[in-house]
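[1] A structural model of the following input is requested.
(one chain, ligands or ions: 2)
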Amino acid sequence: MKRCCHCKQTLPLSEFNQDRSNKDGKDARCRQCVRMVKAEFYKRHRRKIIDAVCAHQKQHPEKARERNRRSYRKHREKRLACGRAYAGLHPELKRKQRKAAMLKRPEHYKLRSLNYRKNNLPKFAEWAQQRRARIRGLTIEPVDRMEIYRRDGGVCHICKKHVPLNQMSLDHLVPIAKGGPHCPRNVALAHRVCNSRRSTGVIPAQLRLA
Ligand SMILES: [Zn+2]
Ligand SMILES: [Zn+2]
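    Ligands and ions are numbered 1, 2, ... in the order given. Purely as a prediction, here's the structure:
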């Protein structure tokens, strides 16, 4: 046990920081007090401390970058959460930053967006069809592509053959171009190939018997 010279409490030795310059190898003040004094000091000299740190970083940019990188790796989740919170408060700033980043590395971002599209094809296909219907002011109901796939038994409504998932598309029985709604009742499972052949008028539309 040891008595803290600051708060005058007697505390176990584990409550004191190491300090080799002291006789017993422990700080004269307990951890709690050290923390408080430091916080107090920071609060009082905040501007000065920040300026000094900035000046030091400007003098040693390499060191600063390395330190920042290390800290980022260590507190990645926290940093990301902080960034997200800040972006939420300043959406226009975030947009500007993203634009600048895209201008700096256009190839990187193009590739990323292509990859994202490739990995989320069903989602994008559904969006695209919804958009086409919306532009024409047509009725839109949510269409779950997998639900349609199951409903139609995985069979193409045009050629009546099995449709592998990676070749699936949804065909509008009454085409959107002719005012057909985007809704489960007006779509049927079709091969992508069959669908595009039909839309060129080679195969006539087959209406679903509701
Ligand atoms: Zn104390
Ligand atoms: Zn087919």
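
[2] Let me know the outermost residue of this structure.
    In the chain, counting by Cα atoms, centre = their mean, Lys23 sits farthest out from the average C-alpha position, at 53.8 Å.

[3] Break down the chain into its helices, ranges please.
    31-44, 46-59, 61-74, 76-89, 91-104, 106-119, 121-135, 145-151, 192-199 (DSSP state H).

[4] what does the second one contact?
    Helix 46-59 is touched from outside by Tyr42, Lys63, Ala64, with contacts defined as Cβ atoms under 8 Å, 6 or more residues apart in numbering. Quick note: C-beta positions are derived from backbone N, CA and C, even for glycine.

[5] What is the neighbour count of Ser21?
    One way to gauge burial is a neighbour count; for Ser21, by other Cβ atoms under 10 Å, it gives 6.

[6] How about Leu114?
    If you count neighbours by other Cβ under 10 Å, Leu114 ends up with 10.

[7] likewise His191?
    For His191, the neighbour count with other Cβ under 10 Å is 21.

[8] For it, list each beta-bridge partner.
    Counting by DSSP bridges, His191 is bridged to Met168.

[9] Kindly report the same for Gln18.
    According to DSSP bridges, Lys26 are recorded as the beta-bridge partners of Gln18.

[10] 740 is where my numbering starts, stick with that
    Sure, I'll start counting at 740 from here, so that last one is Gln757.

[11] what does the model give it for pLDDT?
    According to the prediction, Gln757 has pLDDT 91.
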